[in-house]
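Participant: I would like the atomic coordinates for the input below:
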Amino acid sequence: MVKSGLSLLLLLWAPVSWAYFTLPGHGQLVLLDGSKQSLQFGFAFTQKNGTEVFQAGVQEVEVAELPDKYTLALVLHQEEQIWVTDWLNQPLQGFEWTLGKHSFKLTKNTDPKYKEKARGGYVLMFDNTAYFFHKNMAQIKFYFTKDGVSEVRIEGMYTPGR
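Facilitator: Modelled structure (predicted):
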């Protein structure tokens, strides 16, 4: 009897716990002067005091349900600096960031094969695929399921040969 009661309790509790996740993200920002700053930016969908909360970096908001997606904007300003205002309120030279199983690295181009393709000289490496600015603004879109990030799409950038 106790065993079946415990099994029933686990069945009732388990689906609720599966709906929440924490996906840590960490990395390093390179400022215009070359100095480096630590980056802690991940996503979480949790419950606090009986309310569901979505968190992106240090920002959190109470929600009725898990958002479908989160968009991180990358702005190329005057072909020489990158703005990611969700991270820092000043321009960047580049960054390295790991989010779960995904890696992102934005740097000035050093590979001669990309010289003509890299607008502003910037190359975004996303999971070992090179992306280049098509215009002055790009977006990294994160799509969520109850288990965390289900898909990542890069928009406003292109990959040579695709």
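Participant: and the helices in the protein?
Facilitator: Applying DSSP state H to the chain gives helices spanning 2-18.
Participant: pLDDT weak spots in it?
Facilitator: 1-19, 114-115, 161-162 (pLDDT under 70).
Participant: not including adjacent chain positions, what is the nearest residue to Q37?
Facilitator: When the adjacent residues along the chain are set aside, Q37 lies closest to L29, with 4.6 Å between them (Cβ to Cβ, 6 or more residues apart in numbering). Glycine gets a C-beta too; all of them are placed from N, C-alpha and C.
Participant: actually, F133.
Facilitator: R119 (4.1 Å).
Participant: kindly report the same for G156.
Facilitator: That would be A138: by Cβ to Cβ, 6+ apart, it lies 3.7 Å from G156.
Participant: what's the neighbour count on Q81?
Facilitator: Q81 is flanked by 17 other residues according to other Cβ atoms under 10 Å.
Participant: what is it paired to in the beta sheet?
Facilitator: Here Q81 sits in beta bridges with H77, going by DSSP bridges.
Participant: neighbours around G50, how many?
Facilitator: When neighbours are counted by other Cβ under 10 Å, G50 comes out with 5.
Participant: one more: E155?
Facilitator: Neighbours around E155, by other Cβ under 10 Å: 13.
Participant: skipping its backbone neighbours, what lies nearest T22 in space?
Facilitator: A44 (4.4 Å).
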